[in-house]
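Chemist: Got a predicted structure plus its sequence, pasted below:
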Amino acid sequence: MTDHPAYVIGLDYGTDSVRALLVNAHTGDEVAQAVHYYPRWKQGAYCNPQKNQFRQHPLDYIEGLEATVRQVAQQVPAEQIKGIAIDTTGSTPGAVNEQGVALALTPGFEENPNAMFVLWKDHTALAEAAEINEKARTWGGPDYTQFEGGIYSSEWFWAKIAHVVREDEAVAQAAYSWMEHCDWMTLLLTGQDLATFKRSRCAAGHKAMWHESWGGLPSEKFLTLLEPKLAGLRNRLFEETYTADQVAGTLSAEWAERLGLTTDTVVAVGSFDAHAGAVAGEIEAYSMVKVMGTSTCDIVVAPTAEVGDKLVQGICGQVDGSVIPGMLGLEAGQSAFGDLLAWFTQIIDWPLRTMLPKSTVISSEQMEALREEMRGNLIVELTAAAEKIDPEESAVLALDWVNGRRTPDANQALKGAIMGLTMGSGAPQVFRALVEAICYGSKQIVERFESEGIAIKQVIGIGGVAKKSRFAMQTLADVLDRPIKIATSEQAPALGAAMYAAVAAGVHPDVLTAQRAMGSGFAETYTPQPDRVADYATRYKKYQAFGQFVETATLGDKQAAETATATA
């Protein structure tokens, strides 16, 4: 009944911040939003980029939860807010005790990075991922990677857990269980018992090798073969998983008071940000929604019956109901998208960070203001200059693997590379090559899906890069030779989470109905420029050849290192 006001909150945890979005569950009107940047993360605490170690303290999450939700909840009467749902980055697991308290919130572990949440982009578990892949093929039982694209990544659940327990005996002993970030936040809000809590199918299916055909998670035998310190953990995890439109519980009295809501507020099962974003992007069968931020996640849904027993190789999993219940959700993506461009701006930003602080001419406050102003203008000026360069006249070519390769065929050991530099190559030429590289990486993903029999009938863009960079989006349309539709909502993952919340709270009967009622449509469409398409097709072939060369060289270096170690 639309005459009864009903609002829902979508809470979206990104890499550097959390945002809450208050939405009219009947109309989709976005009533209020609030953003909180993680202070510890901003300071670089608990991270070591040299080692690809990226950890986040749960206090950043909790403080952001309280600050943002309280702010948006004040806009309407508390009893009119019917539900809340959380999406997070993933795989971002963290250790918990028997009560479900994050280990970093317990005495003795407050400053221990291994007791914190291991962010999606943490690649410290390269060796463990390689072991999982080798053992999955040789141990004599099911290949648990088969629904994960056939290759398990260091970015995912089991590799990260195995790495931490090997590295830190104190954490290994104190960790009763492990939880994905989206599950832990939902548990925190509901105050439920850890043993009966409803875990996210989205997280478990895509990152933890959960599948109904072998009874849920990988077997105890396989896990202890991988790492003896994992013995017994499977029984302290979960068997069943639940889709994001299901009710996880209601707000506990404590959190209802802390957030200014009521204990009648329904809390939906958690999900990952890209999957929620795809729902807000009005995904439908054989659409690809590209969630473009620091990295990309490319989400496709298809009727389960039509896909049948087909296994798409080299992607990030295919899971029944992970995006829209009743359909198969398929995920791919790139480990660096906006991150690649941010990396380059940090390089040319180096003088601002190192020389300005030494200046005695202006005050520290003036220096910081100047640095911020110049940083903000860097991308704008680079983009304007790069757009003027004819790609036919630039020999600079780049690979987008600065943070490894997620899809196709995960290999986080790969590194970025640039070729074709001359004395005439300047920052705009390199910047343009990097933009082209992330678009070529996207093309490889589209081609992998289609070569495996999954048609891509339309491409939809959401996220910060999609909304802010016309140059990147036009280049992507030209490289893919396909129109790119850009979703209207500035906060698509949060809006998708709100849609899940509306279904869990009973405002809408299913996700498809919620999409139709709450969707915000599309702001614009980028159409391929025919004169550019052929040029990029030629350069794309060079990108592929360059990538093959670098990957072969990387493999050779790895084999040489292994041989040297074995003979030492």
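Modeler: Received it, and whenever you're ready, just let me know what you need.
Chemist: Tell me the gap between the helix or strand residue 339 falls within and the middle of its chain.
Modeler: Following DSSP states H and E, one finds residue 339 within helix 338-348. The chain centroid and the centroid of helix 338-348 are separated by 18 Å under Cα atoms, centre = their mean, to the nearest Å.
Chemist: now do stretch 306-316
Modeler: With Cα atoms, centre = their mean, you get 21 Å for stretch 306-316.
Chemist: now stretch 466-485
Modeler: Distance, centroid of stretch 466-485 to centroid of chain: 20 Å (Cα atoms, centre = their mean).
Chemist: ok, now stretch 329-348?
Modeler: The answer for stretch 329-348 is 11 Å, by Cα atoms, centre = their mean.
Chemist: what comes up buried for it?
Modeler: 329-341, 344 (16 or more other Cβ atoms under 10 Å). Placement of C-beta: from N, CA and C, glycine included.
Chemist: got it, and stretch 534-546?
Modeler: Buried, per 16+ other Cβ under 10 Å, within stretch 534-546: 536, 539, 540, 543, 546.
Chemist: Excluding residues flanking it in the chain, which one is nearest residue 21?
Modeler: residue 494 (3.8 Å; Cβ to Cβ, 6 or more residues apart in numbering).
Chemist: which other helices and strands contact the helix or strand that contains that neighbour?
Modeler: When secondary structure is defined by DSSP H and E, residue 494 falls within helix 492-504. When contacts are defined as 3 or more Cβ pairs under 8 Å, 6 or more residues apart in numbering; DSSP states H and E, helix 492-504 sits against strand 7-13, strand 17-24, strand 81-88, strand 266-268, strand 271-272, helix 273-280, helix 511-518.
Chemist: Dump the ones you listed into a markdown table; add mean neighbour count and distance to residue 228 as well.
Modeler: Below are those laid out as a markdown table (neighbours: other Cβ atoms under 10 Å; distance: least, Cβ to Cβ, whole Å):
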| stretch | mean neighbour count | distance to residue 228 |
| --- | --- | --- |
| strand 7-13 | 29 | 33 |
| strand 17-24 | 25 | 37 |
| strand 81-88 | 30 | 30 |
| strand 266-268 | 27 | 36 |
| strand 271-272 | 32 | 30 |
| helix 273-280 | 32 | 34 |
| helix 511-518 | 20 | 42 |
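Chemist: do you know which of these lies nearest residue 469?
Modeler: Closest to residue 469 of the helices and strands packed on helix 492-504 is helix 273-280 (Cβ to Cβ; 17.0 Å).
Chemist: for the closest one, packing partners?
Modeler: strand 7-13, strand 81-88, strand 287-292, strand 296-303, strand 327-334, strand 458-462, helix 492-504, helix 511-518.
Chemist: What angle do strand 458-462 and the helix holding residue 494 make with each other?
Modeler: If you take axes from the mean of the first three to the mean of the last three Cα atoms, to 10 degrees, helix 492-504 sits at 100 degrees to strand 458-462.
Chemist: so helix 492-504 versus strand 7-13, what angle?
Modeler: 140 degrees.
Chemist: In helix 492-504, which residues are buried?
Modeler: Residues 492-504 are the ones in helix 492-504 that count as buried (16+ other Cβ under 10 Å).
Chemist: same deal with stretch 131-146?
Modeler: Those would be 131, 132, 133, 135, 136, 139, 144, 145, 146, for stretch 131-146 by 16+ other Cβ under 10 Å.
Chemist: Of those residues, just say which sits nearest to residue 208.
Modeler: Residue 208 lies nearest to residue 144 out of the buried residues of stretch 131-146, by Cβ to Cβ, at 9.6 Å.
Chemist: List the contacts of the closest one.
Modeler: The neighbours of residue 144, taking Cβ atoms under 8 Å, 6 or more residues apart in numbering as the test, are 132, 136, 209, 211, 214, 218, 222.
Chemist: 6 Å - rerun?
Modeler: Neighbour list for residue 144: 136, 209, 218 [criterion: Cβ atoms under 6 Å, 6 or more residues apart in numbering].
Chemist: the strands in the stretch 1-150 of the chain, which residues?
Modeler: 7-13, 17-24, 30-37, 55-56, 81-88, 93-96, 117-118 (DSSP state E, counting those that start in this stretch).
Chemist: Adding mean pLDDT as columns, could you present the ones you listed in JSON lines?
Modeler: As requested, those are arranged in JSON lines below (pLDDT from 0 to 100):
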{"stretch": "strand 7-13", "mean pLDDT": "98"}
{"stretch": "strand 17-24", "mean pLDDT": "98"}
{"stretch": "strand 30-37", "mean pLDDT": "97"}
{"stretch": "strand 55-56", "mean pLDDT": "98"}
{"stretch": "strand 81-88", "mean pLDDT": "98"}
{"stretch": "strand 93-96", "mean pLDDT": "98"}
{"stretch": "strand 117-118", "mean pLDDT": "98"}
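Chemist: Thanks again, I'm all set now.
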